[in-house]
Each structure stands twice: as C-alpha cells, then as structure tokens.
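Trainee: what follows is a protein structure lacking sequence information:
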C-alpha cells in the first residue's frame, strides 16, 4: 500500500511542510512552536481555504500582539486592564469574523502577563514573523505538492450516483419498494461538497474547467432523486405503460421486469418513471457510457 493511501495526502503534505519549516527557517524563526502550528492550521483541503485560515492566523496574532503591547505601556499585568484587554481582543476577532480567537488570546496573555523573554515590541514582531513563516510554508507545500483533482473526484462521484440510480430503478421494476433514499441523498450531498471545493480551486488553477457541465449533472441528479423519492411514497400496486416498459427493456436489456402493463393504471408512477428514464439518459451522455 502506498504511503499517501495509508495516511492521506493532506497528512503527508502537513508532515512535509512542518519538516521543511523546521529545517529551512531555524535562522529566521524565534519560536518554532508558533511557526509549526500555523503551518498545520494552514494546510486545508483547498488553496482558498488555506489562504483564509493562514491569513486569519496571522491577523489574530497581530491583534493579540498590538493590544498586549499597548496595554503593557500603560500598566503590565494589571488585573482590570487584563480583563479589558481580552474583551478588546474578542471584540476585534468578532468584528473581523476571525476564527483565531485562541491564538489572539494566547499572544495577548503571553505578552501582557509577562510570560516572555524579550521586550513586548520584539515579542509582538517575532510572533507575527513566526506565524507568517508557518503560513507561507503551508501555502507553498499545499499548492505545489499533490493537489487534489476535484474535477475527477466529481466525475467519479457522478458515476457512483448513476449506478445507484440504476440499481434503485431495478428495485422498482422488480416490485421492491425498499429504496436506498438515504444513500442517494448522501452521495448527492458529497458531490455538492466536492463541487464547492472545485469552485474554491478555480482561481488557483491553470486548467479550463466547464462548471456548467457539472452544474447540469448535479441538477439532473437532484431531479432523479426527487422522482425516485416520489415513487417510494406511492402505496398502490404499480403498473407500467407500454412506452415505459419498452424504455426499461432497452435500459436493462435482459433483466426481468416484474411489473404488469396497464395503460390507464398508475399515471403518477409512470410520470415519475418516465422522467427518471429521461434524466438517466441525459446523465449517461454527460458522465459516460453505462457500466
């Protein structure tokens, strides 16, 4: 088994980034702890998310450093000022919608309460530099090493969804109403998450990707899901029209169809079934030949 399959690409890239951080920045970074931590936080699924988390980390450190430095000039380690200071830090993080409150707070407390070995100004600058180096290293490694191909992942997911649709239609024509609605919904939700990551990566990729194509495939999947779910809710015995029977025979070739033919019965069922077959043909054209 290959290493990347055993521990995951993101974990592997994080290890590489932290190692390089420790090796290449030992003469620049004052405290490797802050640098390595920022590197880990920055390593996200997409470059956009990595940049967001990294910039928030740097900004959070900067806020804690500035507030701590300014209050130290007034009166170091004063209980009342310490309470006021942390309220300022929290308010700044809330206003800027930062998720790095813990980082801001630790930087502020370390500086203001005197748990430092240098002057407040030097400490503030060092923490920002340490964090920034870790963020930059994380971004570089995440960008150049084994970036995920979310387009291919989306296509793979559509193929799985298509197979799941076909399996559930087969359940219906065999007279089985115990459909895999939950699994279908989960697969569609997963494909939407992959699509969201693909969008995040677009500004950082040189590839020309047709999002309309994926939008259409997603929309078709949602429509098929709706029609399958509607069929599941039907309680009466189901009958096929001749037209739907003919389409199913073409779709499933030699498979046995247990449902009887009756032109005037089950109009709602046949409407939904016709839509499913129509959308399945469209999905087949979009994501490839049936398995």
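Mentor: Here it is on my side, so go on. None of these values were measured; they are calculated from a predicted model.

Trainee: and for residue 162, the neighbour number?
Mentor: Residue 162 sits with 23 neighbouring residues when counted by other C-beta atoms under 10 Å. (C-beta placed from N, C-alpha, C; glycine too.)

Trainee: and residue 116, how far from residue 36?
Mentor: Residue 116 is 19 Å from residue 36, where distance means C-beta to C-beta, to the nearest Å.

Trainee: between these two, which is the more surrounded one?
Mentor: Between residue 116 and residue 36, residue 36 has the larger neighbour count (other C-beta under 10 Å), namely 23 against 17.

Trainee: hmm, that one is touching residue 23, no?
Mentor: No - counting by C-beta atoms under 8 Å, residue 36 does not reach residue 23; the two are 11.5 Å apart.

Trainee: and residue 101, what is it in contact with?
Mentor: 60, 89-90, 93 (C-beta atoms under 8 Å, 6 or more residues apart in numbering).

Trainee: quick check: the farthest pair among those?
Mentor: 60 and 90 (11.2 Å; C-beta to C-beta).

Trainee: what's the separation between residue 204 and residue 63?
Mentor: 27 Å.

Trainee: outline the domain layout of this structure.
Mentor: Split into domains by automatic domain parsing, the chain comes to 3-144, 150-287.

Trainee: dump these to JSON lines, plus mean pLDDT.
Mentor: Compiled in JSON lines, the domains of the chain are given as follows (pLDDT from 0 to 100):
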{"stretch": "domain 3-144", "mean pLDDT": "90"}
{"stretch": "domain 150-287", "mean pLDDT": "88"}
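
Trainee: tell me the most buried of the ones you listed?
Mentor: domain 3-144 (a mean of 18; mean count of other C-beta atoms under 10 Å).

Trainee: off-centre distance for that domain?
Mentor: Domain 3-144 sits 23 Å away from the centroid of its parent chain (C-alpha atoms, centre = their mean, to the nearest Å).

Trainee: what does stretch 147-166 give?
Mentor: 15 Å.

Trainee: who's in contact with it?
Mentor: Contacts for stretch 147-166 (C-beta under 8 Å, 6+ apart): 9, 45, 47, 180, 183-184, 187-188, 190-191, 194-195, 197-198, 201, 207, 209, 214, 217, 221, 224, 228, 251, 276, 280, 283-284, 286-288, 290-291.

Trainee: restricted to helices, list the residues you listed.
Mentor: Among the contacts of stretch 147-166, the ones falling in helices (DSSP state H) are 9, 47, 183-184, 187-188, 190-191, 194-195, 197-198, 201, 214, 217, 221, 224, 228, 251, 276, 280, 283-284, 286-287.

Trainee: what about the helices in the protein?
Mentor: 3-7, 9-24, 32-42, 47-74, 79-95, 101-112, 120-144, 150-173, 181-201, 211-232, 242-252, 267-287.

Trainee: quick one, the fourth one and helix 181-201 angle?
Mentor: Computed with axes from the mean of the first three to the mean of the last three C-alpha atoms, to 10 degrees, the direction of helix 47-74 lies at 70 degrees from that of helix 181-201.

Trainee: other SSEs contacting helix 47-74?
Mentor: Packing contacts for helix 47-74, counted by 3 or more C-beta pairs under 8 Å, 6 or more residues apart in numbering; DSSP states H and E, involve helix 32-42, helix 79-95, helix 101-112, helix 120-144, helix 181-201.

Trainee: so which of those comes closest to residue 256?
Mentor: helix 181-201 (23.3 Å).

Trainee: distance from the chain centre to the closest one, please.
Mentor: Counting by C-alpha atoms, centre = their mean, helix 181-201 comes out at 9 Å from the chain centroid.

Trainee: helices or strands next to that helix in the packing?
Mentor: helix 47-74, helix 150-173, helix 211-232.

Trainee: can I get the ones you listed in TSV including distance to residue 104?
Mentor: Below are the helices and strands packed on helix 181-201 laid out as TSV (distance: least, C-beta to C-beta, whole Å):
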stretch	distance to residue 104
helix 47-74	4
helix 150-173	32
helix 211-232	37
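
Trainee: nearest to residue 135, of the ones you listed?
Mentor: helix 47-74 (3.5 Å).

Trainee: next, the angle from the closest one to helix 79-95.
Mentor: 160 degrees.

Trainee: ok so, going back, now distance to residue 258 too, for the helices of the chain, in JSON lines please.
Mentor: As requested, those are exported to JSON lines (distance: least, C-beta to C-beta, whole Å):
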{"stretch": "helix 3-7", "distance to residue 258": "42"}
{"stretch": "helix 9-24", "distance to residue 258": "46"}
{"stretch": "helix 32-42", "distance to residue 258": "56"}
{"stretch": "helix 47-74", "distance to residue 258": "49"}
{"stretch": "helix 79-95", "distance to residue 258": "61"}
{"stretch": "helix 101-112", "distance to residue 258": "60"}
{"stretch": "helix 120-144", "distance to residue 258": "53"}
{"stretch": "helix 150-173", "distance to residue 258": "7"}
{"stretch": "helix 181-201", "distance to residue 258": "21"}
{"stretch": "helix 211-232", "distance to residue 258": "15"}
{"stretch": "helix 242-252", "distance to residue 258": "11"}
{"stretch": "helix 267-287", "distance to residue 258": "14"}
